[in-house]
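J.: Fold the following, please.
(one chain, ligands or ions: 2)
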Amino acid sequence: MTDLFLAKEDIRKACIFDLDGVIVDTAKYHFVAWRNLANSLGFDFTERENEKLKGVSRIDSLNLILEWGGMNFSEKVKANLAFSKNEDYLSYIKEMDESEILPNVVGILEGIYKNPNYKIGLGSASKNAKLILDQVGLTKYFDFIVDGSMVTHGKPHPEGFLLAASEMKVLPENCIVFEDAPKGVEAALAARMFTVGIGREDDLGHAHLVMADFSETAFAEIEDFFLGLV
Ligand code: B16
Ligand code: MG
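T.: Ligands and ions are numbered 1, 2, ... in the order given. Below you'll find the model as predicted:
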């Protein structure tokens, strides 16, 4: 039987998760490590400014922070600064365990994992994504993991989400993306995927559906929106 004769609920589909802000809150560790770096260069920045770094690649984050501090360096020095920030960041990441998984993420992953029509992918800008998933014990749920080292273009470019979909052999329109960053929502929409914003309606109103977190949701409820049943 070809896909042509499959009912809508039997078409191969996938859920693609962002990592930071959706599965775990690593933004707090990025903030501490970037702030340590800024302080060592003689300036500071606020938690509000840190919000602008969500979903942004490491080097783009550094460029923004240096702009806030009115500083500029050669590419070589910037590479060294990014390296030392990452070493500092990793010292926090290496202490992470499953207690840092955000509320009901495991429940949602289990709900998808048990559904034979769905694959599960990761679409993160972080080059540390695999390490973080291992650290919190969630790697086993994922059919394919896209991390920041596998893409040329950062979010809002759709490259990462499209790569995850094609590696899982699922059409973009059959994918559901979970994203916490406005730029990540833009990337998922540009990939023509059903986009669920995790966070505040004010920041993520351009998504198809917005929820504060996963705490009071079952995957079946989200799927009803995706299938147009709600
Ligand atoms: P790394 P996500 C993103 O992860 C973070 O939101 C962003 O703040 C960070 O700069 C980026 O990863 C790169 O992280 O330095 O570990 O490569 O939200 O796309 O999962
Ligand atoms: Mg994120």
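J.: List the contacts of the longest helix along the chain.
T.: When the chain is parsed with DSSP state H, its longest helix is helix 75-93. Residues outside helix 75-93 that contact it (C-beta atoms under 8 Å, 6 or more residues apart in numbering): 26, 29-30, 32-34, 36-37, 58-59, 62-63, 66, 73, 127-128, 131-132, 135. Bear in mind the C-beta positions are built from the backbone N, C-alpha and C, glycine included.
J.: could you redo the last one with a cut-off of 7 Å?
T.: With C-beta atoms under 7 Å, 6 or more residues apart in numbering as the contact definition, helix 75-93 has outside contacts at 29-30, 32-34, 36-37, 58-59, 62, 73, 128, 131-132, 135.
J.: Can you name the next helix or strand after it?
T.: Sequence-wise, the next helix or strand downstream of helix 75-93 (DSSP states H and E) is helix 105-113.
J.: Does ligand 2 have contacts with that following helix?
T.: No. Legend: contact between helix 105-113 and ligand 2 by C-beta under 5 Å from the ion is lacking; minimum distance shown is 12.9 Å.
J.: buried residues in stretch 84-99?
T.: Across stretch 84-99, burial judged by 16 or more other C-beta atoms under 10 Å covers Lys85, Asn86, Asp88, Tyr89, Ile93, Met96.
J.: how much distance is there from it to the middle of the chain?
T.: 17 Å (C-alpha atoms, centre = their mean, to the nearest Å).
J.: begin at 67 from here
T.: Yep, numbering from 67; the last one is stretch 150-165 now.
J.: Now do the contacts for the nearest residue to Gly187 once chain neighbours are set aside.
T.: Once flanking residues are discounted, Gly187 sits nearest to Ala230: 3.8 Å by C-beta to C-beta, 6 or more residues apart in numbering. By C-beta under 7 Å, 6+ apart, the contact list for Ala230 reads Ile82, Gly187, Leu188, Gly189, Phe210, Val212.
J.: how does it look with 8 Å?
T.: Ala80, Ile82, Gly187, Leu188, Gly189, Phe210, Val212, Cys241.
J.: how much space between the fourth one and Ala93?
T.: Pointing back at Leu188 there. From Leu188 across to Ala93, the span is 17 Å (C-beta to C-beta, to the nearest Å).
J.: and the nearest residue to His272 once chain neighbours are set aside, what element?
T.: Among residues not flanking His272 along the chain, Val251 sits closest, at 5.7 Å (C-beta to C-beta, 6+ apart). Applying DSSP H and E as the criterion places Val251 in helix 248-256.
J.: Report the closest residue of the chain relative to ligand 2.
T.: Gly87 (3.6 Å; C-beta to the ion).
J.: Pretty sure that residue sits against Asp269.
T.: No. With contact defined as C-beta atoms under 8 Å, Gly87 does not reach Asp269; the gap is 10.8 Å.
J.: Compare those two and say which is more crowded by neighbours.
T.: Gly87 (20 against 16; other C-beta atoms under 10 Å).
J.: count of residues packed around Gly135?
T.: Neighbour count of Gly135, defined by other C-beta under 10 Å: 15.
J.: hang on, isn't it packed against Ala104?
T.: Yes. Using C-beta under 8 Å, Gly135 makes contact with Ala104 at a distance of 5.9 Å.
J.: Show me the common contact partners of those two, please.
T.: Taking C-beta under 8 Å, 6+ apart as the contact rule, Gly135 and Ala104 both touch Phe111.
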